[in-house]
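Asker: next one to model:
(chains A, B, C and D)
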Protein chains: 2
Amino acid sequence: MRLLDVSARLFAESGFDSVSLRLITENAEANLAAVNYHFGSKEELITAVVEKLVGPVNQRRLALLRKINLDISGACESIVEAFIDPVIQAASRGDEEDQRYCKLMSRCIASRDERVTSLVLRQFPEVLAKFVDALRSVCPWISSDEAHMRIMFMAGAMAHSLFHHDKLVIISEGRCEIASLDGLRDELVQFISAGMSAGTSKSV
Amino acid sequence: MRLLDVSARLFAESGFDSVSLRLITENAEANLAAVNYHFGSKEELITAVVEKLVGPVNQRRLALLRKINLDISGACESIVEAFIDPVIQAASRGDEEDQRYCKLMSRCIASRDERVTSLVLRQFPEVLAKFVDALRSVCPWISSDEAHMRIMFMAGAMAHSLFHHDKLVIISEGRCEIASLDGLRDELVQFISAGMSAGTSKSV
DNA sequence: AAATCAATTAAACGTTTGTTTGAATTCTCC
DNA sequence: GGAGAATTCAAACAAACGTTTAATTGATTT
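Answerer: Here you go, the predicted model:
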């Protein structure tokens, strides 16, 4: 569906609310009423865009997680990779469509709009539970509450850096070079893996 | 100013765009034209709210950072605390005004609206540079680019968890208890400190 | 007491938004 | 090739938005 692709692109650039149906239908060379005819409403269009984006990522996360041998060393890093790589790989084709994918994904995860977060979080309990179990299997000293929080930290670090990492060179006023998406991924894995396997706060 | 407080409360709950000037002025028991008269426009009202919120936090961050003795062990943890505590402490009064403060702060940091991010990032280059220097002083094996990224990870993890940590009990479907703000802080410090002092990805 | 400035008020303005309507068009299948 | 469903189209709709205006009130100064 052409409307879905155009919507995803425009949503990535400007956010869900800022993009009007008129802008979408013009870019898709369709009539204004097309969205309401095919999707029913703008909100259902957003739902379709978000679910098309988030669904495959979560399924791939679970698939990668199942393949991990939790008994060998480096398993914690593999868990982090299983969470992050489905997002990075889906965007790592090299063209500038990647940036849009990253921005849109970041908008979904870091959205503060209940209508969007409810969509994203709908599929997340299963993912969260599986990753908590895996993490606690590798790092038994982590309590259940801690594991839940750390996965939340991971999601936040990823979403934030996905959206802002291309601005770093500006924010740092030239003191930092732009890193490739794969470079960002490596740094994310390194940072989060260390955080995941950290000791409990009470025992320090 | 009564308008500022009411605006901050409503912005925290529903976001900057979703809150209309009519809702603000009604809650503030003022006339609709009050915002345009005192601030000029809605955008300038948002500017005032954001800067009043973000400014003191960044100044407090820098003040805390200056007090750190970078030579002693545990300095890395202190750096992380200097970044996070100004946010937590400003919200840690115990009442439910805290949640609103957290949500608003999180909305500022994780906003994807250029008009908001430009306000937040305006003061950030100095903070970023100082924290990068401090971090690299404590962890000399970290490159400049890495340090910049890791501080971005820290901001993301904090912003995300500030907004969603009260939803964790729901998302986890009861498998996780709600943590206090101070508890969240301790977990954040623990997680991020470990990530900050992690080795370089290339050397592993 | 009159005059000047600041602040508040009610009302209307022009735009933009998502949505709906009914006719026109295209496509599908017998 | 024609009946019928599916789609596209131009137009209008009502609602909500930020903003502006002009009149009114209140306080301060002359």
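
Asker: report the buried residues of the lowest-mean-pLDDT helix or strand in chain A.
Answerer: When each helix and strand of chain A is scored by mean pLDDT, DSSP states H and E, helix A:97-109 comes last, with a mean of 90. Neighbour-count burial for helix A:97-109, with 16 or more other C-beta atoms under 10 Å in any protein chain shown as criterion, is recorded at A:Q99, A:R100, A:Y101, A:C102, A:K103, A:L104, A:M105, A:S106, A:R107, A:C108, A:I109. Where C-beta positions appear, they are placed from N, C-alpha and C, glycine not excepted.

Asker: what helices or strands is it leaning on?
Answerer: With contacts taken as 3 or more C-beta pairs under 8 Å, 6 or more residues apart in numbering or on different chains; DSSP states H and E, helix A:97-109 sits against helix A:2-14, helix A:42-67, helix A:75-91, helix A:114-122, helix A:144-164.

Asker: residues in contact with the first one: which ones?
Answerer: This points to helix A:2-14. Outside helix A:2-14, the residues that touch it by C-beta atoms under 8 Å, 6 or more residues apart in numbering or on different chains are A:19, A:23-25, A:27-30, A:34-35, A:38-39, A:45-46, A:48-49, A:52-53, A:100-101, A:103-104, A:107.

Asker: distance check, the residue most central in space within chain A against A:A159.
Answerer: Chain A has A:M105 as the residue nearest its centroid, 4.8 Å off, counting by C-alpha atoms, centre = their mean. Note on A:M105: its distance to A:A159, by C-beta to C-beta, to the nearest Å, is 8 Å.

Asker: and the buried ones among the contacts of helix A:2-14, selectable in ChimeraX?
Answerer: A single ChimeraX command selects the buried members of the contacts of helix A:2-14 (16+ other C-beta under 10 Å):
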select /A:19,24,25,27,28,30,34,35,39,45,46,48,49,53,100,101,103,104,107
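
Asker: what's the pLDDT at A:V204?
Answerer: Note on A:V204: pLDDT of 42.

Asker: between the two ends of stretch A:135-142, what distance do you get?
Answerer: 8 Å (C-alpha to C-alpha, to the nearest Å).

Asker: and it, anywhere near chain B?
Answerer: No - residues of stretch A:135-142 are not located near chain B by C-beta under 8 Å from any C-beta of the partner chain, the shortest gap being 10.2 Å.

Asker: and the contacts of that stretch?
Answerer: A:70, A:75-76, A:79, A:144, A:147, A:150-151, A:196-197, A:199-200, A:203.

Asker: try it again at 10 Å.
Answerer: A:68, A:70-80, A:83, A:132, A:143-144, A:146-151, A:154, A:196-200, A:203 (C-beta atoms under 10 Å, 6 or more residues apart in numbering or on different chains).

Asker: same question for stretch A:62-72.
Answerer: A:74-79, A:81-86, A:89, A:123, A:126-127, A:130-131, A:133-135, A:137-138.

Asker: end to end, how far does that stretch reach?
Answerer: Terminal residues of stretch A:62-72 lie 19 Å apart, using C-alpha to C-alpha.

Asker: distance between that stretch and the chain's centre?
Answerer: 20 Å (C-alpha atoms, centre = their mean, to the nearest Å).

Asker: list the buried residues of that stretch.
Answerer: Going by neighbour count (16+ other C-beta under 10 Å), the buried part of stretch A:62-72 is A:L64, A:L65, A:I68.

Asker: that stretch - what's its average pLDDT?
Answerer: The pLDDT scores in stretch A:62-72 average 95.

Asker: cool, and stretch A:78-94?
Answerer: So the average pLDDT for stretch A:78-94 ends up being 89.

Asker: do the same with stretch A:9-17
Answerer: Rounded mean pLDDT across stretch A:9-17 is 95.

Asker: with stretch A:132-145 instead?
Answerer: Mean pLDDT, stretch A:132-145: 96.

Asker: got the buried residues for it?
Answerer: Quick answer for stretch A:132-145 (16+ other C-beta under 10 Å): A:V132, A:A134, A:L135, A:V138, A:C139, A:I142, A:D145.

Asker: so who does the last one touch?
Answerer: Spelled out, it's A:D145. Contacts of A:D145 by C-beta under 10 Å, 6+ apart are A:V132, B:L168, B:V169, B:S172, B:R175, B:C176, B:E177, B:I178, B:A179, B:G183, B:E187.

Asker: interface residues of chain A facing DNA strand C?
Answerer: Within reach of DNA strand C by C-beta under 7 Å from any atom of the strand, chain A has these residues: A:V19, A:S20, A:L21, A:R22, A:L23, A:L32, A:A33, A:V35, A:N36, A:S41, A:K42, A:E43.

Asker: filter those residues down to the ones close to DNA strand D.
Answerer: Contacts with DNA strand D within the residues of chain A next to DNA strand C, counted by C-beta under 7 Å from any atom of the strand: A:L32, A:A33.

Asker: got CSV for the residues of chain A next to DNA strand C, with secondary structure too?
Answerer: As requested, the residues of chain A next to DNA strand C are exported to CSV (DSSP: H, G, I helix; E, B strand; the rest coil):
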residue, secondary structure
A:V19, coil
A:S20, coil
A:L21, helix
A:R22, helix
A:L23, helix
A:L32, coil
A:A33, coil
A:V35, helix
A:N36, helix
A:S41, coil
A:K42, helix
A:E43, helix
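
Asker: show the buried residues in the residues of chain A next to DNA strand C.
Answerer: The buried subset of the residues of chain A next to DNA strand C (16+ other C-beta under 10 Å) comprises A:V19, A:L21, A:V35, A:K42.

Asker: farthest pair in these?
Answerer: A:V19 and A:V35 (11.0 Å; C-beta to C-beta).

Asker: not counting its neighbours along the chain, what's nearest A:H160?
Answerer: Closest residue to A:H160 apart from its sequence neighbours, by C-beta to C-beta, 6 or more residues apart in numbering or on different chains: B:G156 at 2.4 Å.
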